[in-house]
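J.: with the sequence up front, the predicted model follows.
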Number of protein chains: 2
Amino acid sequence: MESAAAQAQAILEAYLAEKGLRRTEERTEVLKAIYEELTHFDAESLHKHLQEKGLRVSRATVYNTLDLLVACGLVTRYHFGEGRTLYERTLGRRQHDHLICLDCNLIREFCAPQMGPVIDGVARLFQVKPVQHQLVIYAHCADAACPHRSSERAIGR
Amino acid sequence: MESAAAQAQAILEAYLAEKGLRRTEERTEVLKAIYEELTHFDAESLHKHLQEKGLRVSRATVYNTLDLLVACGLVTRYHFGEGRTLYERTLGRRQHDHLICLDCNLIREFCAPQMGPVIDGVARLFQVKPVQHQLVIYAHCADAACPHRSSERAIGR
DNA sequence: GTTCCTGCAAAGAGTTTGCATTGTG
DNA sequence: CACAATGCAAACTCTTTGCAGGAAC
């Protein structure tokens, strides 16, 4: 079976071809970095990450490419915590929601299959076509000695 | 029965007293504006709103006061749509979640009582104490002739 | 060769901060 | 009358934009 990264590249190429857009090295590299190395990240850290790998991709291109990847569904954009924009790769991951620790801002993921009916109910009530949903739970560790409590603040607080 | 605005003022005063903070005219006015006139708003529009009422409250004070009101639970902070920070008064409103129209960014509210069990399940699984949750559903109008489709973009896209 | 894409640097939005001044307790 | 809170303006962070050069098709 093909890796998610390889599948993602194929999807990107199909999308570019369909839209008459160009396949540039920068777009390929950005997608590769996202699929091979990052889970939750922001534009700035992605930019830095690329620099550190020796790839000179400008900030503007990072932002442009993220828009592109969101548009073709390979990346999802989130806005939780203190307003920072976070991204996450989409392919090869189960639908999930997020639990954010208020002590250390660690982001954990969980699946809540019961959300399906909730979304459907709202869709029916308001006569809309749901595209995406985000459930974020903010919580404190029940254990005062939580190992996360003292750790560094996670990205995207 | 006392109005939500009056109750809110009482809660604020109690909080200030408890923390040894001062009761200033600015804090009172900001809270009043929020409870009497605004539903979903951002810091910038609150500042403008106060200016237009002839109240000279600086941007810095608006931000400080919003932090204070969030800390004492009278105001809730949200981060949906394209990353803008939105606020909403808490008191006198039922727990609800948000539906955002991707065509016009109109924010609608709904109640989903089924969320309770979902949150409880996650809390048990991860051994955490949930403080708040936010469910946001992004959707398109099912009706292509949706009256919102052509309207101005709502705040907080 | 045309048009899209990139990089750069500057602009823009939203938010925070430093410091002198004001006003509450 | 001490010290917290305010106002102002400047700083800061994240993101977007304009434009000239370069690359894909």
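T.: Yes, it's here. Numbers count the residues shown, from 1 in each chain, chains lettered A, B, ... in the order given.

J.: may I see the buried residues of stretch A:121-133?
T.: By neighbour count on 16 or more other CB atoms under 10 Å in any protein chain shown, the buried set for stretch A:121-133 is A:V122, A:A123, A:F126, A:V128, A:P130, A:H133. All C-beta atoms are positioned from the backbone trio N, CA, C, and that covers glycine.

J.: what's the closest non-adjacent residue to the most centrally placed residue in chain A?
T.: In chain A, the residue lying closest to the centroid (CA atoms, centre = their mean) is A:E88, at 1.4 Å. Computed as CB to CB, 6 or more residues apart in numbering or on different chains, the closest residue to A:E88 that is not its neighbour in sequence is A:T76, at 5.1 Å.

J.: pLDDT score assigned to the one you found?
T.: We have a pLDDT of 94 for A:T76.

J.: do the same with A:V131
T.: Per-residue pLDDT puts A:V131 at 89.

J.: tell me what the longest strand anywhere in chain A is packed against?
T.: Secondary structure of chain A read by DSSP state E shows that its longest strand is strand A:128-141. If you count contacts as 3 or more CB pairs under 8 Å, 6 or more residues apart in numbering or on different chains; DSSP states H and E, strand A:128-141 packs onto strand A:97-101, helix A:115-126, helix B:115-126, strand B:128-141.

J.: can you list the ones you listed in TSV and add distance to DNA strand D?
T.: Below are the helices and strands packed on strand A:128-141 laid out as TSV (distance: least, CB to the nearest atom of the strand, whole Å):
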stretch	distance to DNA strand D
strand A:97-101	17
helix A:115-126	26
helix B:115-126	27
strand B:128-141	17
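
J.: out of the ones you listed, which gets nearest to B:C104?
T.: Distance to B:C104, taken as CB to CB, is lowest for strand B:128-141 among those, at 8.4 Å.

J.: what residues does chain A put near DNA strand C?
T.: Applying CB under 7 Å from any atom of the strand, we find that chain A lies next to DNA strand C at A:20-22, A:24, A:26-27, A:56-61, A:64-65, A:82-83.

J.: for PyMOL, what selects the buried ones among those residues?
T.: Filtering the residues of chain A next to DNA strand C down to the buried ones (16+ other CB under 10 Å) takes a single PyMOL command:
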select buried, chain A and resi 26+27+57+61+65
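
J.: so which of the residues of chain A next to DNA strand C are also by chain B?
T.: Within the set of the residues of chain A next to DNA strand C, contact with chain B (CB under 8 Å from any CB of the partner chain) is found for A:E82, A:G83.

J.: picking that back up, what's the most distant pair in the buried residues of stretch A:121-133?
T.: A:F126 and A:H133 (13.3 Å).

J.: one step back: phi, psi for the residue nearest to the centre of chain A please.
T.: Taking degrees, to the nearest 10, you get phi -150, psi 140 for the backbone angles of A:E88.

J.: domains for chain A, by residue range?
T.: Taking automatic domain parsing as the domain assignment, the record places the domains of chain A at A:1-93, A:94-157.

J.: worst mean pLDDT among these?
T.: Minimum mean pLDDT among these: domain A:94-157, a mean of 80.

J.: surely A:H47 is in contact with A:N64?
T.: No. When contacts are counted by CB atoms under 8 Å, A:H47 is not listed as touching A:N64 (11.9 Å).

J.: name the SS class of A:R108, please.
T.: Put simply, A:R108 is strand when judged by DSSP: H, G, I helix; E, B strand; the rest coil.

J.: who in chain A is up against DNA strand D?
T.: A:16, A:22-25, A:42-44, A:59-60, A:63-64, A:67, A:84-85.

J.: how many other residues sit next to A:L55?
T.: Residues contacting A:L55 under the criterion other CB atoms under 10 Å in any protein chain shown number 15.

J.: kindly report the same for A:D97.
T.: Residues lying near A:D97 (other CB under 10 Å) number 19.

J.: got it, and A:R93?
T.: If you count neighbours by other CB under 10 Å, A:R93 ends up with 12.

J.: wait, isn't the residue nearest to the centre of chain A in contact with A:F80?
T.: No. Judged on CB under 8 Å, A:E88 makes no contact with A:F80 at a distance of 11.0 Å.
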